[in-house]
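S.K.: kindly return the folded structure for what I paste below:
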Amino acid sequence: MKPLIIPIENKYADKVIDLVLSIQQKEFNVPITIEDQPDLLNIKNFYYTDGGHFWGAFIKEELVGTIALVKFNDSQAAIRKMFVKKEYRGKEFSIAQKLLDTLLDYCTANQIDDLYLGTISILEAALRFYERNHFVRMDKASLPVGFPIMSADNVFCHLKLKE
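M.R.: Numbering: from 1, shown residues only. Predicted structure coming up:
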């Protein structure tokens with residue numbers, strides 16, 4: 001079953017919020033609420049205004065994964081909201097990989113040379129996934145000015161897209 005990956009805007013906000021909060025709160029017990037993530041209430045303004053983007057992966061009209069890009073200067077951006085529903089993770093569906101590949105293609109087409117992300121250490125499978133995709137862990141103190149740090153994040157990674 002091949003996922004359909006499409007740009008997501010505000011009309012999908014409820015589905016995005018359900019997916020993200022369910023994974024954060026129920027699956028990983030991360031103490032984060034919708035109030036901590038106002039970006040999800042206005043996806044279009046938060047992600048698209050400065051040249052970022054937001055994608056969703058759908059299987060049979062069900063939202064099963066998301067990934068977003070926050071552009072914080074001309075050539076640097078951050079990955080946000082990378083979530084895949086538990087039953088759709090892994091190589092069988094490759095949804096995380098397809099979402100990341102979509103985002104990387106967008107970066108190439110839009111002259112984004114450096115990609116950063118923040119996550120939390122308990123998301124070990126996510127960190128392995130990023131490392132398989134050539135992201136390198138880095139110190140928080142080395143993050144570029146303007147990187148949008150989320151309060152829960154305690155692990156940071158970087159991917160150089162262009163030499």
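
S.K.: state which helix of this structure is the longest.
M.R.: helix 95-109 (DSSP state H).

S.K.: which helices and strands does whatever helix or strand comes next after it pack with?
M.R.: Sequence order places strand 114-119 as the next helix or strand after helix 95-109, per DSSP states H and E. Packing contacts for strand 114-119, counted by 3 or more CB pairs under 8 Å, 6 or more residues apart in numbering; DSSP states H and E, involve strand 76-84, helix 124-132, strand 155-160. (C-beta placed from N, C-alpha, C; glycine too.)

S.K.: CA atoms only: put strand 114-119 into CSV for me.
M.R.: Included here for strand 114-119 are C-alpha records, laid out as CSV according to Å, rounded to 0.1, in the frame of the first residue of the first chain:
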residue,chain,number,x,y,z
ASP,A,114,21.6,23.0,6.0
LEU,A,115,18.9,21.0,7.8
TYR,A,116,18.6,20.8,11.6
LEU,A,117,16.3,19.0,14.0
GLY,A,118,15.7,18.7,17.6
THR,A,119,14.1,15.7,19.3
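
S.K.: buried ones in it?
M.R.: Neighbour-count burial for strand 114-119, counted by 16 or more other CB atoms under 10 Å, picks out D114, L115, Y116, L117, G118, T119.

S.K.: quick one on the thing from earlier: and the longest helix of the chain, how far out from the chain's middle?
M.R.: Centroid separation for helix 95-109 versus its chain: 10 Å, with CA atoms, centre = their mean, to the nearest Å.

S.K.: outside of that helix, which residues touch it?
M.R.: For helix 95-109, contacts defined as CB atoms under 8 Å, 6 or more residues apart in numbering pick out 3, 5, 53, 55, 57, 64-67, 69, 77, 79, 82, 84, 88-89, 112, 115, 129, 133, 161.
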